[in-house]
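>>> Predicted structure and sequence below. I'll ask about it afterward.
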Amino acid sequence: MTRRVLITGGGSGIGRALARAFAEADDKVTISGRRMDALRETDGGRGMECRKADVTDEASVAALFDASFDVVIANAGGGTAGRLRNITLEDWNRTLAVNLTGTFLTFRAALEGMGAGGRLIAMASTASLKGGPTIAAYAASKHGVLGLVRSVALEVAKRGITCNAICPGFVDTPLAEAAAQAVQERYGLERAAAEARVVEGNPVGRLVAPSEVVAAARFLASPEASMVNGHALSVSGGEV
């Protein structure tokens, strides 16, 4: 059966990998983001519907749901790294808006038309499960996402809908590349040493492959995962 799948933040990284995987499984995929050129690159002729949207804007999110979806993945996110004393109120509010408020607005709109068998999935982070010395705003927002997921899961269980979170470690995407480059420049390290520092919290000692996050999402979206609800699925090599 062909399902309608929405993925926010579908223009790059994990969102791009998710969108292509669901499209290749013959699902009808809609991707949203702030840059149409990036969304079209993700599509690459696969027949996805590309919708420009800002997940921090209530009306923009509502406009995505002119029809109902069977699977909704709240993937859009971001944040500013830095010690708490250096984080401005603008940094804080922007991080909470895209990560937490964006997930809230996406899930709330999704539930208006979602029926039994529906799947809500939040792309969270290992930062949903632990803190870090330079990620106070990001970790706070992602902890909030996990609280939202666990609460929504209890609300929708009797409707035959599930709500879960995926909590990846550092994934091999442009964001990880930027993190490694920043470490390299800050500490004057060789490239290999900088990447090793980025992944030092992962016992396996490497970046998570986007395909490994996709596999988790495909499982949570499947009929076989109907009794997995309110769960935080860590894809981190044992980091948490």
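Sure, I can see it.

>>> Now do the phi/psi pair for the spatially most distant residue from the centre of the chain.
Centroid-distance maximum for the chain: Gly188 at 31.2 Å, with C-alpha atoms, centre = their mean. Note on Gly188: its backbone torsions stand at phi 60, psi 40 [degrees, to the nearest 10].

>>> got the contact list for the closest residue to Arg218 other than its chain neighbours?
With sequence-adjacent residues excluded and distances taken as C-beta to C-beta, 6 or more residues apart in numbering, Arg218 is closest to Ala21, at 6.6 Å. No exception for glycine: its C-beta is placed from N, CA and C like everyone else's. Counting by C-beta atoms under 8 Å, 6 or more residues apart in numbering, Ala21 makes contact with 211, 214, 217-218.

>>> Going by neighbour count, which residues of the worst-scoring helix or strand of the chain on mean pLDDT are buried?
Within the chain, no helix or strand scores below helix 174-187, which has a mean of 81 by mean pLDDT, DSSP states H and E. Buried residues in helix 174-187, counted by 16 or more other C-beta atoms under 10 Å: 175-176, 179-180, 183-184.

>>> and what of stretch 221-237?
221, 225, 229-237.

>>> Mind checking which of those residues land in strands?
Applying DSSP state E to those, the entries found in strands are 232-235.

>>> can you redo these as a markdown table with pLDDT?
Formatted as a markdown table, those follow (pLDDT from 0 to 100):
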| residue | pLDDT |
| --- | --- |
| Ala232 | 98 |
| Leu233 | 98 |
| Ser234 | 98 |
| Val235 | 98 |
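
>>> Which of the contacts of Ala21 lies at the shortest distance from Lys142?
Ala217 (16.7 Å; C-beta to C-beta).

>>> quick one: the helix or strand hosting the closest one to chain centroid distance?
Element membership for Ala217 (DSSP states H and E) is helix 210-220. The chain centroid and the centroid of helix 210-220 are separated by 11 Å under C-alpha atoms, centre = their mean, to the nearest Å.

>>> Repeat that for stretch 27-35.
The answer for stretch 27-35 is 13 Å, by C-alpha atoms, centre = their mean.

>>> For it, output the C-alpha coordinates as PDB.
What follows is stretch 27-35, C-alpha atoms only, in PDB (Å, rounded to 0.1, in the frame of the first residue of the first chain):
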ATOM      1  CA  ASP A  27       5.800   5.900  -0.900                       C
ATOM      2  CA  LYS A  28       4.400   9.200  -2.000                       C
ATOM      3  CA  VAL A  29       6.900  11.600  -0.400                       C
ATOM      4  CA  THR A  30       6.500  15.300   0.300                       C
ATOM      5  CA  ILE A  31       9.500  17.200   1.500                       C
ATOM      6  CA  SER A  32       9.600  20.700   3.000                       C
ATOM      7  CA  GLY A  33      12.300  23.200   3.700                       C
ATOM      8  CA  ARG A  34      13.200  26.800   3.300                       C
ATOM      9  CA  ARG A  35      15.200  26.400   0.000                       C
END
